[in-house]
Structures are given as structure tokens and as C-alpha cells.
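S.K.: this is a predicted model, with the sequence first.
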Protein chains: 2
Amino acid sequence: MTTLNKRDTIVSSALELFAERGFDATTVPMIATSANVGAGTIYRYFENKEVLVNTLFQEYVGTFMKTIEEGFPYHESIRDQFHHLFKNMILFTNQHEHALYFIRKHSAGHFLDEQSREDFTQLLELFSTFFDEGKEKNEIRNLPSKALIAILYGAFLELQNLIRAGELEPSPELSSGVEESLWDSVRRHT
Amino acid sequence: MTTLNKRDTIVSSALELFAERGFDATTVPMIATSANVGAGTIYRYFENKEVLVNTLFQEYVGTFMKTIEEGFPYHESIRDQFHHLFKNMILFTNQHEHALYFIRKHSAGHFLDEQSREDFTQLLELFSTFFDEGKEKNEIRNLPSKALIAILYGAFLELQNLIRAGELEPSPELSSGVEESLWDSVRRHT
DNA sequence: AAGATAGGAATGAATGTTCATTCCGCATGA
DNA sequence: TCATGCGGAATGAACATTCATTCCTATCTT
């Protein structure tokens, strides 16, 4: 591990614990131990546990959105856009092993503040826009975009979870197989 | 509500609260209030909070399995078997609004006992068997069964969640559209 | 039939535990 | 020596669980 400063150590430990056990089952002393800092130190960087989880949430939702928007092929075919989406979802999970799972597990949390909820909505809208355009072009199945997002997002994250748990080995074949499967689930069949 | 006995009132209140907020964020007094009983009464029926959640978990996983196995068309086509699966997943969620979501949210919980984990594994095996047979017959996509389950289960539950949250109106068209989408995600395309 | 009594069921205030948060003394470096 | 960053014991609040007490209902007794 390239020596991180304390804040980043805390963030990274908290992310993993929150992803694994959830916000409510993760205690501040637990985070402190895992990050090799005193419990009090966490409060030098974050006002309280809720601020910590909201900061994490916003940071990672933001990074995820950037990862997806980066180089998005707006003018290519819907299929190519889908490929970009899928590829970058995988890229993001490779760079931040626990982040997507953390986001899903907490995206309806009772502790999320206004900003976090707004950020999450924006993320969903990004996908919505893609599906709406695809439906207009008759390349995407005629289902509510919310439903299409749920299918894509739900399936992808459940898979991610399996991989995180070590129950499924990641491989290029698996990736492309899953991409095909998910594309078939959202595309319009002729 | 056909007057329930106290145990059932407690079970039903706990189910809803656990599904909504999760085990760790749900307090026993909360359950008591929602069930209109004294906090102590809960302990007349369940040894403690963990026993309560494990009882719930096993009860609903068992009912879910029965719902799926009931009248399963072992000798019909894979497509018909899939239809049965899907139809009964919907049936189950209609009969037990919060149950599937509760199961998903808690299926990796740190408080689950051996029995609960075993029951859940059995449930997954039921789906596994179906997919394995379908692959043998070349009707199901060549992906690990675990992955196919994740896709089906993840997508279905994310949708269910949307409906529970009132963000999507259930309707026969939606159901059949989703069934088609999910079938396309797991079937082998020629 | 009315009153008395027993015993199981239910209650919620009291208890001990666990947690988030604070606070004060220590260490490091300028 | 002073200032800054840290640690972890101390604190108070919230929680799960217990238990002394009350309530209810069914069965007796007269």
C-alpha cells in the first residue's frame, strides 16, 4: 500500500467495513482499529459518523459518474454506448473494489443527507438518459427506463457481489458473457 | 386485517421494519410499538432479537421455496419452467410484500445462524438445478449458474424494490415485459 | 349466578451493555 | 518551549434484555 495519509486510510477502512457490514453494524472503534488510528482521530477528519458516511457516498458516486462520463461516445451507436457503460462500470469496480457495493447497500439509507440523495438521483438520470435515447431509436426494449436501470444495475451489482465474495472468478470471458446477457435484457429484439 | 395472534403481529411488524431499515437499524422497542405490544412481550415469543430475525428468515425462505416448487412443470420445456419460476416469484411477492426484499437484504447478515445460511443455500440450489438443466439442453446461455442466478435474482429484486418504493406501478404489461427481458438475459440466443 | 382464586400472558420501568462522541494528556517537530 | 496532531480512556445516550407487577380469563365455590 502506497502510504496513505490518515484521512485516506480512514476513508478506505470505512468503505470496506460499510460495504461488508453496513453502516449500522459498523462501529467507529471498528473503523479506528482497522485504520490503525485512535477513535478520536476519526473526529479530527469527520464531524461524526453520519458525515463520514455521506462524504464517502458522495465521493464515490461522484467518481463513478466521472468514470462513466469520461469519453462517453455520445455520437456512436446505442450498442457502442452500452459497451462503454459496461466497460466503465467494470473499470470502476476494479479501481474501487468495495465502492459500488457500498453505494447500493446505502443508497436508501436513513442517514443519507439531501446532497447524497441528490447525487444518487443524478447518477440514475445518467442511465435514464441513455435508455430514453435508445428507446427513441427503437434499439432499446419498451419498458420504463427505471425498470431497465433496475435490471441492469441489479444484475450487475449482484454479480459484483458474488465476485467480491470470491464465489465467482472474474475473467474476460465472464465479462463479455455478462455484457451480452445484459445487453440482451435491455435491447429491443426484432 | 383478520385479527392475528400476538406472535404473528410481531412477526409481521418485524418483517416490515427489517425490510425497510435493516436488522441493525431496527430496535426492539420499535418493533413492539409497531406491533402494539409491550417490549417484554416479544421475549415471550422469541428468545432474543437474533432468534427473531433467524426465525423470520427461515420461515420466509421456506415459504418461498414451497411457492416455487409447488406445481413445478419438471417435464415441460425450459421456457415453461422459467415462466413458472417467474410467475411464482411474483405470486410470492404479492402474498408477502416485504419478504423477498427482507431476504435479500439479510442473506449475508452477520447475525444469521447455520440453519439460516443452509436454507438460503438450498434456495439457490433450486435455481442452480434449473439453469444446469437448461444449459444441458442448450436453451440457456453458457454462463456459470451462479452468474445466471445473480442476474435473474438481482434484476428481479431491484425491480421489486422499485415497486415497493412506489416508483413503479405494477401491471400485467410490466410483468410480461420484465419476464421477457429476464428470459432474454438467460436464454441462449441462436 | 356471583364472587373468589389461580395461573398464564402481558407489560414497561429498571438494568447492564455497547456505542458515538468528547476531552485531556502525550508526543513530535519547529 | 510552544504548537499541532494523536490516542484512547472517560462520558453519556441509546439499546437489548430482564423481571416485578398487573391483567385476563377460566375454573371453582357457595
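M.R.: In hand now; what should we look at?

S.K.: dump the residue contacts of A:Gln81.
M.R.: The contact partners of A:Gln81, by CB atoms under 8 Å, 6 or more residues apart in numbering or on different chains, come to A:72-74, A:130, A:134. To be clear about C-beta, it is placed using only N, CA and C from the backbone, and glycine gets the same treatment.

S.K.: after the helix or strand encompassing it comes which helix or strand?
M.R.: Secondary structure assignment for A:Gln81, by DSSP states H and E: helix A:78-95. Where DSSP H and E defines the elements, the next helix or strand beyond helix A:78-95 is helix A:99-106.

S.K.: on that earlier part again, in strands, which of the contacts of A:Gln81 fall?
M.R.: Secondary structure of the contacts of A:Gln81 is defined by DSSP state E; no position falls in strands.

S.K.: all helices of chain A, in order?
M.R.: Defined through DSSP state H, the helices belonging to chain A, from first to last, are A:6-21, A:28-35, A:39-45, A:49-69, A:78-95, A:99-106, A:114-136, A:145-164, A:172-186.

S.K.: tell me the average confidence for the fourth one?
M.R.: Okay, so that is helix A:49-69. Regarding helix A:49-69, the rounded mean pLDDT is 97.

S.K.: that helix near DNA strand D at all?
M.R.: No: where contact is defined by CB under 7 Å from any atom of the strand, no part of helix A:49-69 touches DNA strand D; the two come within 12.0 Å at best.

S.K.: please name the spatially closest residue to the spatially most central residue of chain A (chain neighbours excluded).
M.R.: Most central in chain A under CA atoms, centre = their mean is A:Leu100, positioned 2.7 Å from the mean C-alpha point. Counting by CB to CB, 6 or more residues apart in numbering or on different chains, the nearest residue to A:Leu100 once its immediate chain neighbours are dropped is A:Thr93, at 5.3 Å.

S.K.: A:Leu91 too?
M.R.: Sequence neighbours aside, A:Thr67 is the residue nearest to A:Leu91 in space, at 6.2 Å (criterion: CB to CB, 6+ apart).

S.K.: next: A:Phe130.
M.R.: A:Gln81 (6.2 Å).

S.K.: avg pLDDT for stretch A:159-170?
M.R.: When pLDDT is averaged over stretch A:159-170, the result is 93.

S.K.: and the gap between A:Thr67 and A:Phe86?
M.R.: 12 Å (CB to CB, to the nearest Å).

S.K.: ditto for A:Ile151
M.R.: 13 Å.

S.K.: overlap in contacts, those two.
M.R.: Looking at what touches both A:Ile151 and A:Phe86 (by CB under 8 Å, 6+ apart), the common residues are A:Leu182.

S.K.: more neighbours: which of these two?
M.R.: Neighbour count, other CB atoms under 10 Å in any protein chain shown: between A:Ile151 and A:Phe86, A:Ile151 has more, with 26 against 19.

S.K.: contact residues of chain A facing DNA strand C?
M.R.: Neighbours of DNA strand C within chain A, by CB under 7 Å from any atom of the strand: A:26-30, A:39-40, A:43, A:48-50.

S.K.: just the buried members of these?
M.R.: Listed as buried from those are A:26, A:28, A:49; burial here means 16 or more other CB atoms under 10 Å in any protein chain shown.

S.K.: quick one: contacts for the last one?
M.R.: Contact analysis of A:Lys49 by CB under 8 Å, 6+ apart lists A:23, A:28.

S.K.: go again using 6 Å as the cut-off
M.R.: Neighbouring residues of A:Lys49 by CB atoms under 6 Å, 6 or more residues apart in numbering or on different chains: A:Val28.

S.K.: now swap in the one 10 residues further on and tell me
M.R.: Counting by CB under 6 Å, 6+ apart, A:Glu59 touches no other residue.

S.K.: hmm, try it at 8 Å
M.R.: Neighbour list for A:Glu59: A:Val11 [criterion: CB under 8 Å, 6+ apart].

S.K.: I'd say A:Phe102 and A:Leu17 touch.
M.R.: No: with contact defined as CB atoms under 8 Å, A:Phe102 and A:Leu17 do not form a contacting pair (9.5 Å).

S.K.: these two: which has the busier surroundings?
M.R.: The residue with more neighbours, out of A:Phe102 and A:Leu17 and counting by other CB under 10 Å, is A:Phe102; that gives 25 against 21.

S.K.: which residues touch that one?
M.R.: Taking CB under 8 Å, 6+ apart, we find A:Phe102 in contact with A:15, A:18-19, A:56-57, A:60.

S.K.: okay, it: pLDDT?
M.R.: Per-residue confidence at A:Phe102 stands at 97 (pLDDT).

S.K.: how far away is it from B:Asp132?
M.R.: Separation of A:Phe102 from B:Asp132 (CB to CB): 32 Å.

S.K.: what does A:Thr55 give?
M.R.: A:Thr55 is 45 Å from B:Asp132, by CB to CB.

S.K.: and if you look at A:Asp113?
M.R.: From A:Asp113 to B:Asp132 the distance is 46 Å (CB to CB).

S.K.: which parts of chain A sit against chain B?
M.R.: Taking CB under 8 Å from any CB of the partner chain as the test, the list of chain A residues beside chain B reads A:21-25, A:108, A:110, A:141-144, A:146-147, A:150-159, A:161-162, A:165, A:167-168, A:174, A:177-178, A:180-182, A:184-186, A:189.
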